[in-house]
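In: Here is a sequence with its predicted model. Questions after.
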Amino acid sequence: MRSILLSLAELKHSASGVPAQIAAYIYSNPDSAAALNIRALANKTYTSPSSVIRLCRTLGFHGYKDFRHALFLEIASFGNQISHSERELRPEDSITSIINTITQKNVQVLLDSQHILDPDVVEACVNLLRSSRSILLFGIGASLCAAKDAYLKFLRLNKPCCVSEDWHAQLLQARNASSEDAAIIFSYSGQTQEMAACMKALRENRTKCIAITRFADSQVSRLADYKLYIAANEALFRSGAMSSRLAQLNVIDILYTAFANSEYEYSLRQFAHTHIQKPPYEL
């Protein structure tokens with residue numbers, strides 16, 4: 001399910017001008033904003049009703065009425081678990097303050113990601129991985145750490161997989177892939193040009209791509225067949241890089257566990273089928 005508040009959080013950081021202004025107000029004041037009609041919201045944000053409608057359509061709604069109804073439902077379902085303040089670290093912060101801030105930020109990114117991870121998409125990804133000949137893993141920088149973690153996990157289940165630290169080797173891997181393989185691409189920003197190049201090569205070979213990426217419209221998400229979104233805020237570079245890596249590892253843990261469960265259930269069915277006892281012959 002696409003979260004409105006998380007979409008607004010991404011928009012207020014990635015957009016500029018009027019859209020960012022409206023998004024920031026609604027995100028910071030979801031309860032009071034949901035109670036306002038379109039003209040009142042426009043007055044509060046010093047914009048116009050037409051600007052509010054454009055924002056709603058950017059978020060995938062037909063108009064303000066649909067957006068407002070969905071916002072009411074999300075507030076009722078999650079309360080303040082999604083909309084939360086973002087505390088920046090400062091040079092004068094104490095060790096205790098750093099411990100609390102980083103821990104809270106890491107916990108929050110996992111909760112936010114939980115709200116936007118679609119179970120149907122996860123199931124489709126597991127089915128794709130099970131039916132594939134091998135799993136090809138792609139990532140550079142901090143995302144390469146998540147790719148290596150996935151490599152070690154799937155090897156435990158005797159699933160053929162491949163990862164390379166060198167980007168040029170990853171590109172060759174993509175060019176040599178086939179429709180029988182499955183690819184997992186790690187890119188927090190979704191704009192990593194090296195990953196986009198690999199994905200274009202994979203698409204030419206009809207290799208299905210799973211993208212583990214930021215919850216936002218990006219080049220990587222547009223090229224992917226399946227999107228496993230993570231929620232993270234990189235406004236603060238140091239803690240943003242840490243929380244995004246943690247969110248990627250969490251998605252891998254989910255995929256790995258679902259994959260293992262699926263393989264176990266399949267093994268049980270196969271065992272039951274081959275060892276079923278035939279009823280005694282009756283005269």
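Out: Great, that's in hand.
In: the helices in this structure, which residues?
Out: 4-14, 18-28, 30-34, 38-44, 49-58, 64-78, 95-116, 119-131, 142-156, 167-175, 193-204, 219-223, 237-274 (DSSP state H).
In: Let me know the angle separating the fifth one from helix 4-14.
Out: Right, helix 49-58. Interaxial angle, helix 49-58 versus helix 4-14 (axes from the mean of the first three to the mean of the last three CA atoms, to 10 degrees): 110 degrees.
In: and helix 49-58, average pLDDT?
Out: Taken as a whole, helix 49-58 carries a mean pLDDT of 92.
In: Next: the last one.
Out: Here helix 237-274 scores 80 as its mean pLDDT.
In: Quick one: distance of that helix to the chain centre.
Out: 14 Å (CA atoms, centre = their mean, to the nearest Å).
In: what comes up buried for that helix?
Out: Across helix 237-274, burial judged by 16 or more other CB atoms under 10 Å covers 239-240, 242-252, 254-256, 258-260. Quick note: C-beta positions are derived from backbone N, CA and C, even for glycine.
In: packing partners for it?
Out: Judged by 3 or more CB pairs under 8 Å, 6 or more residues apart in numbering; DSSP states H and E, helix 237-274 is in contact with helix 95-116, helix 119-131, helix 142-156, strand 208-214, strand 226-230.
In: What of the second one?
Out: For helix 18-28, the helices and strands in contact under the criterion 3+ CB pairs under 8 Å, 6+ apart are helix 4-14, helix 38-44, helix 49-58.
In: Name the residues that touch it?
Out: 5, 8-9, 11-13, 15, 33, 41, 44-47, 51-52, 54-55, 58, 71, 83 (CB atoms under 8 Å, 6 or more residues apart in numbering).
In: For the stretch 1-150 of the chain, which residues score under the pLDDT cut-off?
Out: Residues of the stretch 1-150 of the chain meeting the criterion pLDDT under 70: 1-2, 14, 78-89.
In: What's the local residue count around the closest residue to residue 134 other than its chain neighbours?
Out: Leaving aside its chain neighbours, residue 134 sits nearest to residue 160 (4.0 Å; criterion: CB to CB, 6 or more residues apart in numbering). Residues lying near residue 160 (other CB atoms under 10 Å) number 12.
In: ok, what's across the strand from the residue nearest to the spatial centre of the chain?
Out: In the chain, the centroid-proximal residue (CA atoms, centre = their mean) is residue 229; its distance is 1.1 Å. Beta-bridge partners of residue 229, counted by DSSP bridges, are residue 213.
In: who touches it in this structure?
Out: Residue 229 touches 113, 116, 117, 213, 214, 215, 221, counting by CB under 8 Å, 6+ apart.
In: Scan those residues and report the most crowded one.
Out: When neighbours are counted by other CB under 10 Å, residue 213 leads these with 28 neighbours.
In: which residues sit in contact with that one?
Out: For residue 213, the contact set (CB under 8 Å, 6+ apart) comprises 185-190, 220-221, 224, 227-230.
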